[in-house]
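Participant: I need the structure of the sequence given here:
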Amino acid sequence: MAALNRLQKIASHLDPPKTVKFKVAVLGAAGGIGQPLSMLLKMSPYISELSLYDVANTPGVAADISHMSTGARVKGYLGPAQLPAALTACQLVIIPAGVPRKPGMTRDDLFNINAGIVRGLVEAVATHCPSAWVAIISNPVNSTVPIAAEVLKKAGVFQPGRLFGVTTLDVVRAEAFVAELVGADPRDVSVPVVGGHAGITILPLLSQSRPPLPASMPLEQRKALMARIQDAGTEVVQAKAGAGSATLSMAYAAARFADSCLRAMSGEGPVTEYAYVAATAASSSVVPAGLPYFSSPLRLGRGGVEEVLPLGPLDALEAENLAAMKDELLGSIRKGVEFAAKGPAAAPAK
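Facilitator: Numbers count the residues shown, from 1 in each chain. Predicted structure coming up:
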């Protein structure tokens, strides 16, 4: 209770009067990720209005969260007819909408449903808040981000520095797991995680961990730690035994990423963050060759990505994993681009 009281004071009573505030939308706000994410965002001192959208149950979620005594105003929007109002004037749009992963499912199994959901929502973003930063959580992120990019390109509003796949969960898992091993507070641990956001495409750069892993740590133990970070989503799905996927930790990670975005947008930069973004001419020297999307360390500023930062030196195990992931990551990207190119299915004849 004391910790919650401190959070509340930080979020409202101690809110600096000159803090720049923004309208933020959560699309999929009534879902397993959307609800705890919306609660955490309600505590942000950077948000003036929290716009909660879903196709069911949004009025109840909005009413519940609006009773929190923090500064952000909350409005709930229900169904496609209210989506334009939910998005108008938004500066940051976070999309956790979609179906969750269940036991036995891979992120790829989610594709057919979630791809269509993301395409429709991003089409609305392109129309109603085309300059907004867009953070995609809906899996499989390796494919849904390219879908979103193609939709924005088609609308003529694509800004590669303002479209992100949220991979922060991989980073916070790495921090938590390394902290367990070295006996540190996770808040004092830093572990770069790059690549993609599924299985072997998740590449923790354990050699760059701070504090460092023990020099005596056997190679097999390092491999096991890397595999645990890569398969942590499955660990949660199995532990919940059919009752859901990683919703609470994902909400925490997404709120952390949103905070980084809002701090950068407000001018409290530069802010360093990791996210899955489109490669550009400016980043060609630091993103692995041939990969049009890659999760990299970024420097964020008021306008979005200011610089894609170098990965730093990789050890032999990391270099081997980077080479092994490329085909799978390219296949997921291609799948997203091809889906977007097909366009929506034709309406059935009446």
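Participant: ranges for the strands of the stretch 201-350 of the chain?
Facilitator: Secondary structure of the stretch 201-350 of the chain, counting by DSSP state E, counting those that start in this stretch: strands at 202-204, 271-278, 293-301, 304-308.
Participant: deepest-packed of those, please.
Facilitator: strand 202-204 (a mean of 27; mean count of other Cβ atoms under 10 Å). C-betas here are computed from N, CA, C, even on glycine.
Participant: any chance you could list what contacts that one?
Facilitator: Residues from elsewhere that reach strand 202-204, judged by Cβ atoms under 8 Å, 6 or more residues apart in numbering: 167, 170, 174, 191-196, 225-226, 229-230, 318, 321-322, 325.
Participant: now stretch 330-344
Facilitator: Stretch 330-344 is contacted by residues 108, 111, 115-116, 119-120, 140, 142-147, 150-151, 154, 196, 198, 201, 290-293 when judged by Cβ under 8 Å, 6+ apart.
Participant: mind listing which of these are in helices?
Facilitator: Taking DSSP state H, the ones among the contacts of stretch 330-344 that sit in helices are 111, 115-116, 119-120, 142-147, 150-151, 154.
Participant: which of those residues sits closest to Ala85?
Facilitator: Nearest to Ala85 out of the ones in helices among the contacts of stretch 330-344 is Gly120 (Cβ to Cβ; 16.2 Å).
Participant: just the pLDDT for that closest one.
Facilitator: pLDDT, Gly120: 97.
Participant: equivalent analysis for Arg210, please.
Facilitator: Per-residue confidence (pLDDT) for Arg210: 97.
Participant: isn't Pro80 up against Ala56?
Facilitator: No - in this structure, Pro80 is not within contact of Ala56 by Cβ atoms under 8 Å, at 11.9 Å.
Participant: excluding its backbone neighbours, what's nearest His161?
Facilitator: That one is not His; residue 161 is Gly. Spatial nearest neighbour of Gly161, excluding adjacent residues (Cβ to Cβ, 6 or more residues apart in numbering): Gly304 at 3.2 Å.
Participant: distance of that neighbour relative to Pro100?
Facilitator: 29 Å (Cβ to Cβ, to the nearest Å).
Participant: before we move on, what about Ser69?
Facilitator: As judged by Cβ to Cβ, Ser69 and Pro100 stand 31 Å apart.
Participant: do a quick rundown of the helices in the chain.
Facilitator: Under DSSP H, the chain gives helices at 2-8, 34-42, 58-66, 83-87, 111-128, 141-154, 168-182, 219-230, 232-239, 248-265, 316-342.
Participant: how about the ones you listed in a markdown table, adding mean neighbour count?
Facilitator: Converted to a markdown table, those look like this (neighbours: other Cβ atoms under 10 Å):
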| stretch | mean neighbour count |
| --- | --- |
| helix 2-8 | 10 |
| helix 34-42 | 24 |
| helix 58-66 | 17 |
| helix 83-87 | 20 |
| helix 111-128 | 20 |
| helix 141-154 | 25 |
| helix 168-182 | 21 |
| helix 219-230 | 16 |
| helix 232-239 | 17 |
| helix 248-265 | 21 |
| helix 316-342 | 17 |
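Participant: among those helices, which is nearest Ile94?
Facilitator: In terms of Cβ to Cβ, the element of the helices of the chain nearest to Ile94 is helix 248-265, at 6.1 Å.
Participant: got CSV for the helices of the chain, with distance to Ser209 too?
Facilitator: What follows is the helices of the chain, written out as CSV (distance: least, Cβ to Cβ, whole Å):
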stretch, distance to Ser209
helix 2-8, 27
helix 34-42, 26
helix 58-66, 36
helix 83-87, 39
helix 111-128, 32
helix 141-154, 23
helix 168-182, 5
helix 219-230, 10
helix 232-239, 16
helix 248-265, 18
helix 316-342, 11
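Participant: and Ser284, which of those helices is closest to it?
Facilitator: Ser284 lies closest, by Cβ to Cβ, to one member of those: helix 316-342, at 15.8 Å.
Participant: for Pro292, give me its contacts.
Facilitator: Here Pro292 is in contact with 146, 278-279, 333 (criterion: Cβ under 8 Å, 6+ apart).
Participant: from the residues you listed, which two are the most distant?
Facilitator: Farthest pair in these, by Cβ to Cβ: Pro146 and Ala279, 11.3 Å.
Participant: who's in contact with Ala25?
Facilitator: 51-53, 86-87, 90, 92-94, 129, 132.
Participant: please repeat the previous calculation with a cut-off of 6 Å.
Facilitator: Contacts for Ala25 (Cβ atoms under 6 Å, 6 or more residues apart in numbering) come out as 51, 86-87, 90, 93.
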